[in-house]
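Undergrad: What shape does this take:
(2 chains)
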There are 2 protein chains.
Amino acid sequence: MHAVVIEDGSLTWQERPDPEHGDTELLVSVRAAGINGADLLQRRGAYPAPPGVPPDIPGLEIAGEVVAVGRRVTRFAPGDRVMAVVGGGGQATAAVVDEAHALAIPDQLPWDEAGGFPETFSTAYDALFTQAALGIGDRLLVTGAAGGVGTAAVQLGAAAGAYVVASVRTLDHAEALADLGADEVVAHDAVASHGPFDVVLELVGAASLPSVLGALATGARVVVIGVGSGARVELDLRQLMGARARISGSTLRARSHAEKAMVAKALSRHVLPLLGAGVLRVPIAERVPMAAATAGYERFAAGGKLGKIVLLA
Amino acid sequence: MHAVVIEDGSLTWQERPDPEHGDTELLVSVRAAGINGADLLQRRGAYPAPPGVPPDIPGLEIAGEVVAVGRRVTRFAPGDRVMAVVGGGGQATAAVVDEAHALAIPDQLPWDEAGGFPETFSTAYDALFTQAALGIGDRLLVTGAAGGVGTAAVQLGAAAGAYVVASVRTLDHAEALADLGADEVVAHDAVASHGPFDVVLELVGAASLPSVLGALATGARVVVIGVGSGARVELDLRQLMGARARISGSTLRARSHAEKAMVAKALSRHVLPLLGAGVLRVPIAERVPMAAATAGYERFAAGGKLGKIVLLA
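TA: Below is the predicted model of the structure:
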């Protein structure tokens, strides 16, 4: 196979041996692999890969065709189209996926959208529903709503009957976010006057969270998923006490194999039907050949995009 | 009746008309009423009473004898011994309690312990179990463990099969806390080396929380109930994300009538049996005549006590 390989902070395109698949795993010929914020951190050496995945090949999500299966695999066969969150090593022409983490790609969904789906929708679904128990009629704030997780969360919130307020750095993509289901699109620093919020998905960090904390409804649940603008914030505990609110942090990557399987199962049950029906979309900001990954990473770092940047093998 | 009345920040002992009880309420001849941190805040004008309670009579918990009942009361009759959390007005010789908020006092429990039980055990029970879902084998940290809520939480944690670490400002009461069920008693600034904690009941605030945040187990639940040492803390969101932990704030006082009834019902079901059996105790640091409430408040403010300060009518 060929793979994007991190060497001294640069991305190179190298030939590597194909990965070996175990009893419960699928060997997948990768067609598309999304770029995520964690890939950029890993490139800078700030987000080491967990044990068991290639330490120098980034990539947390893939879509591709099954080419071989382990002897205990029951749900998939060669030729099937699958997509999955992986612990790393996804930005290569071949990758290994445990079948418990694999999702069947709906028939109409093109490869690029499938490659940009797993990580962002898993993250958004887990945060909104499993952790924050988002319900119909809740007022949801998604900060940094134009990014990959943000566009997923706006759509999931709207699909679940929440009133969705999307906050963004610039209003360039306001119309596109309204198309995805946002009831209001506001600038980060204007959030305080659009609450109080029952659920907040915080994707920005220090530049956003302080104004959010003054706009919490009683019993509010704030889930912090991204801290690209900084991770240190001053917290007034009286605000949390007054609102009886909670702030939690979350990542998918550090979870156990079994926990990731639970996330995949929930996604398969609750989200794939809506993706297959076209209710949910995967907005693609840009498609980049995998061999030219550096350009994709630079586009990601530049910001201002709507949705995903996907590498195509 | 006579009541402790806040006048320009001072506590006076005044005659007032007896309160009138409604259809679902009990008129109680108060025998004992605990002092809580919120009373001191209210005296300073920093914690106004909610609507429907006397604005100038402090007191959030009472124990006494029922002297009259409203026409819809079914569970209590004159002569019954009851204790309850009240929205205010408890530090008086008479008070009104909705029967949904009243708890039957176990036969052997003396008035002083009953008067110091409701607020602290309600707060600790609700935080540990309803909010933080404390389970057997969890490692629990109770900060400020020597106070009223702290001594309740240490006992409840031990009774529930948790491993209890109690943190204190000084180690004066280490032995007494061990008697109450603490497995370890440590100074606030030493907690970091006694984790990682699954559940933290934070009763101290800014002087304690920063060291706690570095000692959280995966999936930790931190509930902030007290901020006597300050409410502003710097939070590193990466610590929350790395541990997939959550911080919540809570108060009982601002809750609805129905929510308080739920807390009382939970306490009645889960805690009263252990109180009646002598498994749980209400440590009393000092008993003060209600007419001399100022001395009790000063003792509370001085700190260094173990357990409750209770006013006796």
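Undergrad: Residue A:34 against residue A:120, yeah?
TA: Yes. Using Cβ atoms under 8 Å, residue A:34 is in contact with residue A:120, at 7.2 Å. (C-beta placed from N, C-alpha, C; glycine too.)
Undergrad: Please say which of the two ends up with more neighbours.
TA: Taking other Cβ atoms under 10 Å in any protein chain shown, residue A:34 and residue A:120 do not tie; residue A:34 has more neighbours (32 against 24).
Undergrad: can you tell me the helix or strand for the closest residue in space to residue A:270 that isn't next to it in sequence?
TA: Among residues not flanking residue A:270 along the chain, residue A:125 sits closest, at 7.0 Å (Cβ to Cβ, 6 or more residues apart in numbering or on different chains). Using DSSP states H and E, residue A:125 sits within helix A:118-125.
Undergrad: what does residue A:46 give?
TA: Going by DSSP H and E, residue A:46 is not part of any helix or strand.
Undergrad: Phi and psi next, for it.
TA: Reported as degrees, to the nearest 10, the phi and psi values for residue A:46 are phi -100, psi 0.
Undergrad: Show the pLDDT at it.
TA: What the model reports as pLDDT for residue A:46 is 85.
Undergrad: Please apply the same query to the one 3 residues further on.
TA: Model confidence at residue A:49, given as pLDDT, is 85.
Undergrad: Verify the contact between it and residue A:42 for me.
TA: Yes. Because the distance of 6.7 Å satisfies Cβ under 8 Å, residue A:49 is recorded as touching residue A:42.
Undergrad: Near chain B, which residues of the stretch 201-313 of chain A? Just list them.
TA: A:205-206, A:209, A:224-225, A:227, A:231-251, A:254 (Cβ under 8 Å from any Cβ of the partner chain).
Undergrad: could you flag which of the residues you listed are buried?
TA: The neighbour-count test (16 or more other Cβ atoms under 10 Å in any protein chain shown) applied to these identifies A:205-206, A:209, A:224-225, A:227, A:231, A:233, A:235-237, A:239-241, A:243-251 as buried.
Undergrad: one step back: name the helices or strands packed onto the helix holding residue A:125?
TA: strand A:25-34, strand A:61-69, strand A:81-85, helix A:148-159, helix A:257-270 (3 or more Cβ pairs under 8 Å, 6 or more residues apart in numbering or on different chains; DSSP states H and E).
Undergrad: Redo those as TSV? Include mean pLDDT.
TA: Formatted as TSV, those follow (pLDDT from 0 to 100):
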stretch	mean pLDDT
strand A:25-34	98
strand A:61-69	98
strand A:81-85	98
helix A:148-159	97
helix A:257-270	94
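Undergrad: Would you reformat these as TSV and include distance to residue B:96?
TA: Converted to TSV, the helices and strands packed on helix A:118-125 look like this (distance: least, Cβ to Cβ, whole Å):
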stretch	distance to residue B:96
strand A:25-34	62
strand A:61-69	61
strand A:81-85	57
helix A:148-159	44
helix A:257-270	48
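Undergrad: Of the ones you listed, which is nearest residue B:1?
TA: helix A:148-159 (52.9 Å; Cβ to Cβ).
Undergrad: hmm, back to that, now, which of the buried ones among the residues of the stretch 201-313 of chain A next to chain B lie within strands?
TA: Judged by DSSP state E, these include A:224, A:233, A:235-236, A:246-249 as members of strands.
Undergrad: closest to residue B:111 among the residues you listed?
TA: Checking these against residue B:111 by Cβ to Cβ gives residue A:246 as the nearest, at 37.1 Å.
Undergrad: Could you pull up the contacting residues of residue A:300?
TA: By Cβ atoms under 8 Å, 6 or more residues apart in numbering or on different chains, the contact list for residue A:300 reads A:35, A:37, A:39-40, A:309.
Undergrad: Most neighbours among the residues you listed, which one?
TA: Highest neighbour count within the contacts of residue A:300: residue A:35, with 31 neighbours (other Cβ under 10 Å).
Undergrad: so it makes contact with residue A:298?
TA: No. Using Cβ under 8 Å, residue A:35 is not in contact with residue A:298, being 10.3 Å away.
Undergrad: Please verify my assumption that residue A:272 contacts residue A:104.
TA: Yes. The criterion here is Cβ under 8 Å, and residue A:272 meets it with residue A:104 at 7.3 Å.
Undergrad: The two - which one has more neighbours?
TA: residue A:272 (19 against 14).
Undergrad: Please name the residues that touch that one.
TA: A:103-104, A:106.
Undergrad: ok, 7 Å please
TA: Residues in contact with residue A:272 (Cβ atoms under 7 Å, 6 or more residues apart in numbering or on different chains) are A:103, A:106.
Undergrad: State the phi and psi torsions of it.
TA: phi -60, psi -40.
Undergrad: next one: residue A:160
TA: Backbone torsions of residue A:160, given as degrees, to the nearest 10, read phi -90, psi 10.
Undergrad: For it, report the pLDDT, please.
TA: Per-residue pLDDT puts residue A:160 at 95.
Undergrad: So it is in contact with residue A:132, correct?
TA: No. The criterion here is Cβ atoms under 7 Å, and residue A:160 misses it with residue A:132 at 11.0 Å.
Undergrad: pretty sure residue A:94 is touching residue A:2, no?
TA: No. Applying Cβ under 7 Å as the test, residue A:94 and residue A:2 come out as separate, 8.7 Å apart.
Undergrad: Can you show me the helices along the stretch 201-313 of chain A?
TA: Residue ranges of the helices in the stretch 201-313 of chain A, as given by DSSP state H, counting those that start in this stretch, are A:209-213, A:237-243, A:257-270, A:272-276, A:293-302.
Undergrad: Pipe those into TSV and attach distance to residue A:25 per row.
TA: TSV is the format used below for the helices of the stretch 201-313 of chain A (distance: least, Cβ to Cβ, whole Å):
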stretch	distance to residue A:25
helix A:209-213	39
helix A:237-243	43
helix A:257-270	11
helix A:272-276	21
helix A:293-302	24
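Undergrad: Mind checking the ones you listed for the one nearest to residue B:69?
TA: Sorting the helices of the stretch 201-313 of chain A by Cβ to Cβ, the top spot, which is the nearest, belongs to helix A:237-243 at 34.4 Å.
Undergrad: from the middle of its chain, how far away would that closest one be?
TA: On the basis of Cα atoms, centre = their mean, to the nearest Å, helix A:237-243 sits 30 Å off its chain's mean C-alpha point.
Undergrad: Can you spell out which helices and strands pack onto that helix?
TA: Here helix A:237-243 touches strand A:216-224, strand B:216-224, strand B:246-249, going by 3 or more Cβ pairs under 7 Å, 6 or more residues apart in numbering or on different chains; DSSP states H and E.
Undergrad: Please consider this matter closed, and thank you.
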